[in-house]
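A.B. asks: have a look at this prediction, sequence included:
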Amino acid sequence: MGAAGAVSAPPELAARLFTALFTDYDLIAVDGASIAIPKDGSIPVFTGSTLSEIALQIATYREAGG
C-alpha cells in the first residue's frame, strides 16, 4: 500500500483503467514516463511519471473548459 490510505494497482491494471476512463486518448510509455495523446491529433498532450498525475491534468484541463 502507498501513502496514507492510497491503494496501488498493478501497472497493467492502472493502464486499463486509464484507457477506459479517457477513451479519447492514446497512452504511450517512453523511458518510464507516460504520455496521453488525443486520438483526434489535437493538443494539449499530457505527460507525467504516473497515470494518476496525467488523469489529474486532464481533469483539470476539462474543468477549465478545455
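C.D. replies: Structure received. Quick caveat: nothing in here was measured; it's all calculated off a predicted structure.
A.B. asks: right, and Pro44 touches Ala64 too?
C.D. replies: No. With contact defined as CB atoms under 8 Å, Pro44 does not count as touching Ala64 (11.2 Å). All C-beta spots, glycine's among them, are computed from the backbone N, C-alpha and C.
A.B. asks: compare these two (neighbour count), which wins?
C.D. replies: Pro44 (12 against 7; other CB atoms under 10 Å).
A.B. asks: ok, and what's touching the helix or strand of the chain with the lowest mean pLDDT?
C.D. replies: Ranked by mean pLDDT, DSSP states H and E, the weakest helix or strand in the chain is helix 11-21, scoring a mean of 81. Contacting residues not belonging to helix 11-21 are listed as Ala9, Tyr25, Leu27, Ala36, Leu51, Ser52, Ile54, Ala55 [CB atoms under 8 Å, 6 or more residues apart in numbering].
A.B. asks: show me what the closest residue in space to the second one that isn't next to it in sequence is bridged to.
C.D. replies: Nearest residue to Tyr25, sequence neighbours excluded (CB to CB, 6 or more residues apart in numbering): Ala36, at 4.3 Å. Under DSSP bridges, the beta-bridge partners of Ala36 are Leu27, Phe46.
A.B. asks: return the distance of Ala36 relative to Gly66.
C.D. replies: 13 Å (CB to CB, to the nearest Å).
A.B. asks: okay, now the residue nearest to Tyr25: neighbour count?
C.D. replies: Ala36: 22 neighbours (other CB under 10 Å).
A.B. asks: surely it and Ile43 touch.
C.D. replies: No. If you go by CB under 8 Å, Ala36 and Ile43 don't touch, sitting 11.5 Å apart.
A.B. asks: pull up the overlap in contacts between those two.
C.D. replies: By CB under 8 Å, 6+ apart, no residue touches both Ala36 and Ile43.
A.B. asks: correct me if wrong, but Pro44 is in a strand.
C.D. replies: No. Counting by DSSP: H, G, I helix; E, B strand; the rest coil, Pro44 falls outside a strand, being coil.
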